[in-house]
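Trainee: Sharing a model prediction with you, sequence too.
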Amino acid sequence: MATVQLEAGQRVRPSSTLPYEPLLATGRFVLVAFARPIAILRSYQRSDLRPDLIAGLTVAVILLPQAIAYALIADLPPVVGLYTAIVAAIVGALWGSSAHLHTGPTNAASLLVLSTLAVLPYGHDSHAYVAAASLMALMVGLFRLAMGVFRLGVLVNFVSDSVVVGFTAGAGVLIMFNQIKHLLRLDVPNSPGLMDTLRDTLAQLPAAHAPTMMVGVGVIVLLAALRRLRPSWPGPLIGVVVAGAVVWLLQLDMQGVHVIGALPRGLPPLAPPPIFDLHLIGQLSLGALAVAAIGLVEAMSIARAISGLTGQRINSNQEFVGQGLANIAAGFFSGYTCSGSFTRSAVNYRAGARTAMSSVFSGVFVLLAMFLFAPLAAYIPRTALAAVLIVIAWGMIDRKQMAHIWRTSRPEGWIMIATLGATLLLPLEFAVLTGILVSLAYYVLQKSMPRVLDMTPTPDFLHFEERGDRDPCPQLGVLSIVGDLYFGAAPNVEEALRRHMATFPDQRYLLLRMHNVTHLDISGLHMLEAIVRAYRERGGDVYVMKVRASIYEFMKLAGFVDLLGEDHFLSEEKAISHLFYHVLDPVVCIYECPVRVFFECQNLPKMLTPALACRDSRCRDRTVRSLSPMDLWLLLHRPQPPVVIDVREPREFSRGHIPGARLIPLSQFDAQRLNLDKETPIVLACRTGRRSRIAAQMAMAAGYQNVCNMEGGMVAWEAAGLLEAIEEFV
């Protein structure tokens, strides 16, 4: 009877009988997801108000200069960044899943927006350019919202963290070089390529504006000092305020230092993007898809990192809905593409935020700041914002994490390098998709190449481990399949199994450990059938252990259980014991095998024959001719039959043998004492052909020239139906 082991915690669930149940589940999720603000407000406690207000104010102090600076990365007016900061922070928090993830303008998203919009024939301050940025935000939001509604959150798991690390580092390099022209007030045209930017910047260096350069470099020095001496202080805000004060006091704006000008006061205006411009939608689609993908991976990575500290459970699909609605709202309220920010999220957590309302409060505080301090922005120098961005971009190059990835996983390291190189050399939307495709290709490659491990018992015989350089059992191979057996993986697994067969031709029995196989399709099943036939053709068999219940049911439905036999499905506790006492040849264990691999071998007497010495001498490499049982049967009925020598033990010989055979047990076999002519035809026989092949090698080494081994031994003789016909002559 088959013994099928269920893995720990595994249950067999009855399949649903309602074909429309997935649609109902989606509908229920949509209702719950869009009602998220109600759940947040209902569960809000008065004790959370003060910590959330303090955290919101702390984040707003950082968000205000970042929103302006990030908008300038995308060559958008500063007020667009502020509108995005206000709307995205509020909507992303109310409809998201994380209590600490802060949504708004980010450096990577801004750079992607610039790369996508750079091909448009608009001026960067024109209304059409801003409208295109809003349309792109809407498209990104719809992509993300659709992934959340249809519960495709699992897809972000297929994008490796190395893609995000590589892209972020590349984006940091691009931002730094793109901001040098503003840091030094150089007349360098916007260029989508790093090489063009470097060439144009180097050509214009002699024309650097000294006052502008002094202010910008001074802000960099100030930010570096604050990061080292007072890391808890809002460095970007302090740098911008100090630079603005210096410009106002020294009237540097009158000496050619560019300033951003006064910001308009008021609420973010409702301005629907051009949703009916199909040509523009086509131009933005690839970039929007890239921004949607990299932004989701970035946001989920941040949310999960912080949830690891707080213990909060993150719902990726709900977070997708929040990120999608935040971008849609930004698109309709004169904003641009947004995502989760690691810096602001970390500050939000460290400031003591308890709920998502802290991010809502940060958006409200930025709105109040627009009303109160908008005129003061007239003295903020553009070089100071460039200095802030250069410092932030330098922090985007996570050298420690890059070294860790390269050191721990070389394939992931190459994915990271490929993404980094693509980010620097290709258009950014293609760079992101290149990284994702390389990551997916690596995943598919890994899934298509499950490991087939050669296993052996541990020294205490309680578990299995990789065999390494230890001697194997000469009769039984124990292999563990680590991975799924589907159409893409089956050929590689079959190749590994057949390679094992070729390496150990004497191992006629195979035990497959399949507890790591969670999926099996018809291609994998056909592969297993081919392996079973291959082992049976050479007189052996295949057994399996630790098969999952779902895999066993599929095998049974497809007829594989009938092919293999239910008694070939073994439990882990009894597999080796069953094979040792009921399947393996004990004579091989006693007379031929010098090792004690299994627990059952430990008390077994070892009476090693001279054949073992033959394996280490000149006879080992001699090729022995094989003779089928039917051919031997025909030769025995000729006038001059060959001499048949049976090298089994007497008790085996007495149960049935070839008529006329001479019994010389392998332990007593001495080819020098056969007293036969060297040209006499000799056929060696045993139970399976294993011992007789060794005896044949010894006979050939002694000078006998016409030596054959009966292929398959007495097992093959009986299978050919020759035993009863021979018994008449015994």
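Mentor: Noted; the coordinates are in hand.

Trainee: All the helices of the stretch 151-300 of the chain, in order from the start?
Mentor: Along the stretch 151-300 of the chain, counting by DSSP state H, counting those that start in this stretch, helices occupy 161-184, 194-204, 210-229, 235-250, 278-310.

Trainee: any idea which residue of this structure is furthest from its center?
Mentor: Most distant residue from the mean C-alpha position of the chain: Pro639, 70.2 Å away (C-alpha atoms, centre = their mean).

Trainee: Report the buried residues of stretch 694-713.
Mentor: Residues of stretch 694-713 classed as buried by neighbour count (16 or more other C-beta atoms under 10 Å): 694-701, 704, 706-713. The way it works is simple: take the backbone N, C-alpha and C, and place the C-beta from them, glycine included.

Trainee: Send me it as CSV with only the CA atoms.
Mentor: Once non-C-alpha atoms are left out, stretch 694-713 reads as follows in CSV (Å, rounded to 0.1, in the frame of the first residue of the first chain):
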residue,chain,number,x,y,z
ILE,A,694,34.4,-9.4,-11.8
ALA,A,695,35.3,-13.1,-12.1
ALA,A,696,35.5,-12.7,-15.9
GLN,A,697,38.0,-9.9,-15.5
MET,A,698,40.1,-12.1,-13.2
ALA,A,699,40.0,-14.9,-15.7
MET,A,700,41.0,-12.6,-18.6
ALA,A,701,43.8,-11.3,-16.4
ALA,A,702,45.0,-14.9,-16.0
GLY,A,703,45.2,-15.4,-19.7
TYR,A,704,41.9,-16.9,-20.7
GLN,A,705,41.0,-15.6,-24.2
ASN,A,706,37.4,-16.7,-24.7
VAL,A,707,35.5,-15.4,-21.6
CYS,A,708,32.0,-14.1,-21.5
ASN,A,709,29.7,-12.8,-18.8
MET,A,710,26.0,-13.8,-18.8
GLU,A,711,24.2,-10.5,-19.0
GLY,A,712,21.7,-9.9,-16.2
GLY,A,713,22.6,-13.2,-14.4
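
Trainee: per-residue confidence averaged over that stretch?
Mentor: Here stretch 694-713 scores 90 as its mean pLDDT.

Trainee: just so I know, which of the helices of the stretch 151-300 of the chain lies nearest Ala661?
Mentor: Taking C-beta to C-beta, helix 161-184 is the member of the helices of the stretch 151-300 of the chain nearest to Ala661, at 67.2 Å.

Trainee: Now do that closest one, average pLDDT.
Mentor: For helix 161-184, the mean confidence score works out to 83.

Trainee: What residues of that helix count as buried?
Mentor: 162-184.

Trainee: Now render the helices of the stretch 151-300 of the chain as TSV, adding distance to Ala549.
Mentor: TSV is the format used below for the helices of the stretch 151-300 of the chain (distance: least, C-beta to C-beta, whole Å):
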stretch	distance to Ala549
helix 161-184	34
helix 194-204	55
helix 210-229	57
helix 235-250	58
helix 278-310	32
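
Trainee: Check these for me and report the most buried one.
Mentor: Comparing the helices of the stretch 151-300 of the chain by mean neighbour count (mean count of other C-beta atoms under 10 Å), helix 161-184 ranks first with a mean of 23.

Trainee: that older thread, among the helices of the stretch 151-300 of the chain, single out whichever gets nearest to Leu425.
Mentor: It is, among the helices of the stretch 151-300 of the chain and with distance given as C-beta to C-beta, helix 194-204, at 6.9 Å.

Trainee: Now do the one helix or strand Val87 maps to and helix 278-310, the angle between them.
Mentor: With elements taken from DSSP states H and E, the one containing Val87 is helix 78-95. Helix 78-95 and helix 278-310 are oriented at 60 degrees to each other (axes from the mean of the first three to the mean of the last three C-alpha atoms, to 10 degrees).

Trainee: Distance from helix 78-95 to the middle of the chain?
Mentor: Centroid separation for helix 78-95 versus its chain: 33 Å, with C-alpha atoms, centre = their mean, to the nearest Å.

Trainee: and it, what's its mean pLDDT?
Mentor: Helix 78-95 comes out at a mean pLDDT of 94.

Trainee: which secondary structure elements does it contact?
Mentor: The helices and strands touching helix 78-95, judged by 3 or more C-beta pairs under 8 Å, 6 or more residues apart in numbering; DSSP states H and E, are helix 36-42, helix 49-73, strand 102-104, helix 127-149, helix 316-332, helix 357-373.

Trainee: tell me which residues in the next helix or strand after the last one are buried?
Mentor: Using DSSP H and E, the helix or strand that follows helix 357-373 in sequence is helix 382-396. Within helix 382-396, the residues that count as buried by 16+ other C-beta under 10 Å are 382-393, 396.

Trainee: In a markdown table: the residues you listed, plus distance to Glu412 and pLDDT.
Mentor: Listed next are the buried residues of helix 382-396 as a markdown table, based on distance: C-beta to C-beta, whole Å; pLDDT from 0 to 100:
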| residue | distance to Glu412 | pLDDT |
| --- | --- | --- |
| Arg382 | 39 | 84 |
| Thr383 | 38 | 90 |
| Ala384 | 38 | 88 |
| Leu385 | 35 | 83 |
| Ala386 | 33 | 86 |
| Ala387 | 34 | 89 |
| Val388 | 32 | 85 |
| Leu389 | 29 | 79 |
| Ile390 | 29 | 88 |
| Val391 | 28 | 86 |
| Ile392 | 25 | 80 |
| Ala393 | 23 | 81 |
| Met396 | 19 | 77 |
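
Trainee: picking that back up, quickly compare the helices and strands packed on helix 78-95 and say which is most buried.
Mentor: Using mean count of other C-beta under 10 Å, strand 102-104 ranks as the most buried of the helices and strands packed on helix 78-95, with a mean of 34.

Trainee: quick one: strands adjacent to that one?
Mentor: Strand 102-104 has its sheet partners listed here by DSSP bridges as strand 339-341 (antiparallel).

Trainee: Quick one: end-to-end distance for stretch 645-655.
Mentor: One end of stretch 645-655 to the other measures 16 Å (C-alpha to C-alpha, to the nearest Å).

Trainee: any idea where the strands of the stretch 551-700 of the chain begin and end?
Mentor: 569-570, 625-627, 643-646, 662-663, 682-685 (DSSP state E, counting those that start in this stretch).

Trainee: Packed most tightly, which of the ones you listed would that be?
Mentor: For the strands of the stretch 551-700 of the chain, the highest mean count by mean count of other C-beta under 10 Å goes to strand 682-685, at a mean of 27.

Trainee: Now do that strand: which elements does it pack against?
Mentor: strand 643-646, helix 690-701, strand 707-710, helix 713-719.

Trainee: quick one: which of the ones you listed is nearest Ser667?
Mentor: The nearest among those, by C-beta to C-beta, is helix 690-701 at 9.8 Å.

Trainee: counting contacts, what elements does that closest one pack onto?
Mentor: Other elements packing on helix 690-701 under the criterion 3+ C-beta pairs under 8 Å, 6+ apart are helix 586-591, helix 611-615, strand 682-685, strand 707-710.

Trainee: change it to 10 Å
Mentor: Counting contacts by 3 or more C-beta pairs under 10 Å, 6 or more residues apart in numbering; DSSP states H and E, helix 690-701 is packed against helix 586-591, helix 611-615, strand 625-627, strand 643-646, strand 682-685, strand 707-710, helix 713-719.

Trainee: circling back: what angle do the helix holding Val87 and helix 127-149 make?
Mentor: 10 degrees.

Trainee: Restrict helix 78-95 to CA atoms and write it as PDB.
Mentor: Extracted C-alpha coordinates of helix 78-95, given in PDB (Å, rounded to 0.1, in the frame of the first residue of the first chain):
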ATOM      1  CA  PRO A  78       8.900  73.800  -8.100                       C
ATOM      2  CA  VAL A  79       5.300  74.300  -7.300                       C
ATOM      3  CA  VAL A  80       4.500  71.000  -9.200                       C
ATOM      4  CA  GLY A  81       6.600  69.200  -6.700                       C
ATOM      5  CA  LEU A  82       4.800  70.800  -3.800                       C
ATOM      6  CA  TYR A  83       1.400  69.900  -5.200                       C
ATOM      7  CA  THR A  84       2.600  66.300  -5.600                       C
ATOM      8  CA  ALA A  85       3.900  66.300  -2.000                       C
ATOM      9  CA  ILE A  86       0.600  67.500  -0.600                       C
ATOM     10  CA  VAL A  87      -1.800  65.300  -2.600                       C
ATOM     11  CA  ALA A  88       0.300  62.100  -2.700                       C
ATOM     12  CA  ALA A  89       1.100  62.100   1.000                       C
ATOM     13  CA  ILE A  90      -2.500  62.300   2.000                       C
ATOM     14  CA  VAL A  91      -4.000  59.900  -0.600                       C
ATOM     15  CA  GLY A  92      -1.100  57.400  -0.300                       C
ATOM     16  CA  ALA A  93      -1.500  57.200   3.400                       C
ATOM     17  CA  LEU A  94      -5.300  56.900   3.600                       C
ATOM     18  CA  TRP A  95      -5.500  54.100   0.900                       C
END
